[in-house]
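# when you get a sec, could you give me coordinates for this:
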Amino acid sequence: MGNTKTCALSKEVLEELKLNTRYSDEQLYTWYQTFLRECPTGRISRQQFESIYASFFPDADPKAYAQHVFRSFDQNSDGTLDFKEYIVALHLTSSGKTMEKLEWAFALYDLDGNGSITKNEIQEIVRSIFNMISKDAQKNLPEDENTPEKRADKIWDFFGKKENDKITEGEFIQGIMDNKNILRLIQFDEPQKVQERLKEKQQ
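Have a look, this model is predicted:
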């Protein structure tokens with residue numbers, strides 16, 4: 001995708017990132033140089049991305065969730081994140097608009113990328129989220145959502161779907177906009193914290 005193998009950040013990529021994020025020229029140039037020092041090839045592999053998550057969550061098992069997050073940000077499905085994809089991810093999870101975040105959340109749950117979400121896909125992401133929650137924290141969850149199965153059922157029931165139905169992107173976004181409580185059920189706050197820590201590291 002972006003021209004990330006050279007030492008200079010191309011004007012085309014710079015202008016596109018400025019248009020789609022809130023970052024300044026200075027921030028983008030600084031992060032680009034740091035990005036190249038950390039990833040000399042100009043790309044972050046899925047394994048590198050997973051190791052970042054693992055280092056932040058030593059008491060949990062973030063691998064599955066990290067894989068799903070990586071997939072949702074790998075726009076061209078080449079198994080790596082280039083600088084442009086990385087910055088878009090950073091922006092989206094830390095300062096993106098609500099609609100952008102909801103579109104990303106839908107992409108996260110739409111495992112096969114076919115434009116709709118099944119109950120099995122909800123269950124898969126929710127299971128990966130639970131792997132990120134400490135056992136002690138799980139004990140404090142409400143009775144009707146203290147297991148992956150219960151939380152997935154609660155989400156599915158909220159949308160009023162039958163077992164084999166599907167949720168479209170429009171239904172997903174509108175449903176959450178109408179009831180913010182469902183947002184708490186579908187998301188995990190730590191990705192934003194990871195991105196913020198990466199952001200601090202690069203300043």
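# distance-wise, check the most centrally placed residue in the chain relative to Glu15.
Most central in the chain under CA atoms, centre = their mean is Val69, positioned 4.0 Å from the mean C-alpha point. According to CB to CB, to the nearest Å, Val69 and Glu15 sit 27 Å apart. All C-beta spots, glycine's among them, are computed from the backbone N, C-alpha and C.
# before we move on, what about Ser55?
In this structure, Ser55 and Glu15 are 33 Å apart, going by CB to CB.
# which of the helices and strands in the chain ranks last by mean pLDDT?
Scoring the helices and strands of the chain by mean pLDDT, DSSP states H and E places helix 190-201 at the bottom, with a mean of 51.
# Phe172: neighbour count?
Residues near Phe172, counting by other CB atoms under 10 Å, number 21.
# ok, it - contacts?
With contacts defined as CB atoms under 8 Å, 6 or more residues apart in numbering, Phe172 is in contact with 102, 105-106, 109, 117, 159.
# ok, Gly113 next?
With contacts taken as CB under 8 Å, 6+ apart, Gly113 has the following neighbours: Ala107.
# which residue packs closest to Ile133, ignoring adjacent ones?
With sequence-adjacent residues excluded and distances taken as CB to CB, 6 or more residues apart in numbering, Ile133 is closest to Ala60, at 7.1 Å.
# that neighbour contacts Asn131, doesn't it?
Yes: the criterion here is CB atoms under 8 Å, and Ala60 meets it with Asn131 at 6.3 Å.
# overlap of the contact sets of these two?
Taking CB under 8 Å, 6+ apart as the criterion, Ala60 and Asn131 do not both touch any residue.
# done for today, thanks.
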